[in-house]
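*Asks:* Sequence first, predicted model second:
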Protein chains: 2
Amino acid sequence: MPSKVATAKPSARERLLAAADDLFYREGVQSVGIDRIVQQAGVAKASLYNLFGSKEELVQAYLDARHANTREQVERALTRFRTPRERLLGVFDAQGQLFTEPDFNGCAHMTASAEAQPGSPTQCAADRYRQWVRTMFTDLAREAGVADAEGLARQLHLLYDGAGVSARMDHDPSAATTARAAAAALFDVAVSEQVR
Amino acid sequence: MPSKVATAKPSARERLLAAADDLFYREGVQSVGIDRIVQQAGVAKASLYNLFGSKEELVQAYLDARHANTREQVERALTRFRTPRERLLGVFDAQGQLFTEPDFNGCAHMTASAEAQPGSPTQCAADRYRQWVRTMFTDLAREAGVADAEGLARQLHLLYDGAGVSARMDHDPSAATTARAAAAALFDVAVSEQVR
DNA sequence: ATCGGGGAAGACAGATCGGTCTAGGCTTGT
DNA sequence: ACAAGCCTAGACCGATCTGTCTTCCCCGAT
């Protein structure tokens, strides 16, 4: 039976996903061929097609893994904040953490979507990711007592996307700080308006 | 001599740029091969390489043409506004115009950059475009009397990028309206803070 | 009428693409 | 010991990639 200690060799599936995550994220989906992935993973090409069926499904698995990972990191980061306002703005703190990772290269769903055709599994994965972000902002705004929670969530989503773009294209991790400050201002405006 | 009346056939260079603009923008740079471009342009492959030298330089010319076109449209739109505040927010009105064009598919520099390697001519073209946007926002903020013009410009640039992303990925042209409202709030906050 | 040059058409090259298939080895449970 | 199943290595397929080269034709100027 396969040992589960730390020194155990990862399964073929795990090695493939690790290689796909590294290469797809760094160089883009279209630029990376199947041959390079199986070579880096140390896996036979036939195993890849047995496990995933096609390159497109491997891309989808890569994006879903990224989604799950981001979700986990953000949700864990939010547990550190107490007030609803701090939790709402904490999303941008979590984003800032991601921006400072050494191999950060922007939002994987955004770059993958830029190379995909409409209706493809890649676009669907990106849609799921965006829906999660949108719902999270809406829930946090509602918990903070914002009347037009969906309206504020739309604004914050713009800042969230814009920060991801700027961090990658301008090589500027401080975009998260800028976004957080703007989000704080928009939140305070939204709250003060409903007092009136 | 070649006639210059409207019925004259566009030059090989113009037809190549038109085909590149259509195909690159709609399907992405990596997905479109040279063969399809020369076929759609009705131009010999040798002519493309005589005129542009390589696919990469054709991509650069395509992005530079997009940049010039966007710049022209935005600057023309801004002449309709009178007060500095209206001119600053007018950028998002101009953006909303672009979003409603039937074949809108996001910011060309963003999608091309997602497929390019660091340091490539594509990234350089994207950098030039971003620098122009940033400078424009900074100048407009300064003309509106904002003390921290660069800080506000960074915030508005986030909204500008985020709106472009949302309009493409969510198929939601109203992202420009959302961005405009958020920009107005951030502008008013920036102005009211310096009064204190 | 002749000449010259830009462009069209497309063969060609070498590499790489996604995907399939065969053959053989290693591990595992019985 | 043996059989069943995964996995590896890599040949192979047809299509497509960027880029080069040859051939021919058409058009305009002398």
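*Replies:* Structure's in. What do you need? Numbering: from 1, shown residues only, chains lettered A, B, ... in the order given.

*Asks:* Chain A: helices as residue ranges?
*Replies:* Here chain A has its helices, by DSSP state H, at A:12-27, A:34-41, A:45-51, A:55-78, A:84-99, A:108-114, A:121-143, A:149-169, A:175-195.

*Asks:* list the buried ones in the fifth one?
*Replies:* Buried residues in helix A:84-99, counting neighbours by 16 or more other CB atoms under 10 Å in any protein chain shown, are found at A:84-85, A:87-96, A:98-99. For glycine as for every other residue, the C-beta is placed from the backbone atoms N, C-alpha and C.

*Asks:* now, which of those residues sits nearest A:His67?
*Replies:* The closest of the buried residues of helix A:84-99 to A:His67 turns out to be A:Leu98 (CB to CB; 13.0 Å).

*Asks:* Setting aside sequence neighbours, what's the nearest residue to the closest one?
*Replies:* Closest residue in space to A:Leu98, ignoring its immediate chain neighbours: A:Phe104 at 6.4 Å, by CB to CB, 6 or more residues apart in numbering or on different chains.

*Asks:* Report the contact partners of the one you found.
*Replies:* By CB atoms under 8 Å, 6 or more residues apart in numbering or on different chains, the residues touching A:Phe104 are A:Leu98, A:Ala167, A:Arg168, A:Pro173.

*Asks:* Could you list the contact residues of chain A toward DNA strand C?
*Replies:* Proximity of chain A to DNA strand C, by CB under 7 Å from any atom of the strand, involves residues A:1-2, A:32-36, A:44-46, A:49, A:54-56.

*Asks:* at 10 Å what do you get?
*Replies:* Neighbours of DNA strand C within chain A, by CB under 10 Å from any atom of the strand: A:1-3, A:8, A:29-39, A:44-50, A:52-59.

*Asks:* and those near DNA strand D, which?
*Replies:* Filtering those for proximity to DNA strand D (criterion: CB under 10 Å from any atom of the strand) leaves A:Pro2, A:Ile34, A:Asp35, A:Val38, A:Gln39, A:Ala44, A:Lys45, A:Ala46, A:Ser47, A:Leu48, A:Tyr49, A:Asn50.

*Asks:* Now do the fifth one, the pLDDT please.
*Replies:* Taken from the predicted model, the pLDDT recorded for A:Gln39 is 93.

*Asks:* Can you read off the backbone torsions of the residue of chain A found nearest DNA strand C?
*Replies:* With CB to the nearest atom of the strand, the shortest gap between chain A and DNA strand C falls at A:Gly33, namely 2.5 Å. For A:Gly33, the backbone dihedrals (degrees, to the nearest 10) come out as phi -90, psi 160.

*Asks:* Count the neighbours of it for me.
*Replies:* Using other CB atoms under 10 Å in any protein chain shown, the number of residues around A:Gly33 comes to 11.

*Asks:* Report the two of the contacts of A:Phe104 separated the most.
*Replies:* Across the contacts of A:Phe104 (CB to CB), the longest gap, 11.0 Å, separates A:Leu98 and A:Arg168.

*Asks:* Just the buried ones from the residues of chain A next to DNA strand C?
*Replies:* With burial judged by 16+ other CB under 10 Å, the buried subset of the residues of chain A next to DNA strand C is A:Val29, A:Gln30, A:Val32, A:Ile37, A:Val38, A:Leu48, A:Phe52, A:Lys55, A:Leu58, A:Val59.

*Asks:* Any chance of CSV for these, columns distance to B:Tyr160?
*Replies:* Listed next are these as CSV, based on distance: CB to CB, whole Å:
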residue, distance to B:Tyr160
A:Val29, 26
A:Gln30, 27
A:Val32, 30
A:Ile37, 36
A:Val38, 41
A:Leu48, 40
A:Phe52, 38
A:Lys55, 34
A:Leu58, 34
A:Val59, 29
